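> Need a 3D model of the following:
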Amino acid sequence: MALLHFLAILATFTSLAAASVPVTLHAVTGNPYLSHVGLYALHEGAGTSYFFLGSRGDYKGDILHYDRANGSFHTDFALSTPPYYLTVLDHVVQFTESRPDFGISVTPMGLFSIAGSTKNFFACKEDVIRDPFGYSRSHYVAMYFPAEVPVSCVPFSIRVKSVTVPVEEQQVLRRARRQF
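So this is what the prediction gives:
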């Protein structure tokens, strides 16, 4: 009986683990300065964090969770509830508390896709966007333009890479979540 109980718990854990996969996002472009850099989110206001591109590959990107079942990318900023979801609002790739109202998926080639397209992502600076904290003066903002792209923006695709979260980091996160 104990063995059956253990197997039931193991099956539940395995299905939950398979539903959400830790990933990072990386730029793919012909621009040598931006190619293969990680994407990371910076706080830009209440319930909003814009995505920026790292510089010269030195930043590996924020760890996100990709939920294969519903095609969403989310994170637990500051271990908060509810989670923040990756979406596009006003052309800016960002985390918000709202789920996106368009199809997000990962192609068989490992590219991030919106409504079936891996194109239309652009790295832009402050001449295109006036972000609240001015990060775009020195960092590229990840933006999405299905039409009428500003000429100063650099096109890129987003590669989704599975990652392994170190056991120590998982334990720290579990302890911190228990405190909330």
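> What are the contacting residues of stretch 108-124?
Under the contact criterion C-beta atoms under 8 Å, 6 or more residues apart in numbering, stretch 108-124 has outside partners 25, 27-29, 31, 34, 53, 88, 93, 102-107, 136, 140-146, 149-150, 152-161. To be clear about C-beta, it is placed using only N, CA and C from the backbone, and glycine gets the same treatment.
> Among the residues you listed, name the buried ones.
25, 27-29, 34, 53, 88, 93, 104-106, 136, 140-145, 149, 153-154, 156-160 (16 or more other C-beta atoms under 10 Å).
> Out of the residues you listed, which sit inside strands?
25, 27-28, 53, 88, 93, 104-106, 140-144, 154, 156-160 (DSSP state E).
> any idea where the strands of the protein begin and end?
20-28, 39-45, 48-53, 64-67, 72-75, 84-89, 92-96, 104-106, 112-114, 121-124, 140-144, 154-162.
> I'd like the ones you listed laid out as TSV, including mean pLDDT and distance to residue 131.
Putting those into TSV (pLDDT from 0 to 100; distance: least, C-beta to C-beta, whole Å) gives the following:
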stretch	mean pLDDT	distance to residue 131
strand 20-28	90	18
strand 39-45	86	6
strand 48-53	89	6
strand 64-67	87	20
strand 72-75	82	19
strand 84-89	86	13
strand 92-96	88	8
strand 104-106	86	22
strand 112-114	90	21
strand 121-124	96	10
strand 140-144	95	6
strand 154-162	94	17
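> possible to save those strands as CSV with distance to residue 132?
Output for the strands of the chain, formatted as CSV (distance: least, C-beta to C-beta, whole Å):
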stretch, distance to residue 132
strand 20-28, 22
strand 39-45, 5
strand 48-53, 9
strand 64-67, 22
strand 72-75, 20
strand 84-89, 14
strand 92-96, 11
strand 104-106, 25
strand 112-114, 24
strand 121-124, 15
strand 140-144, 12
strand 154-162, 22
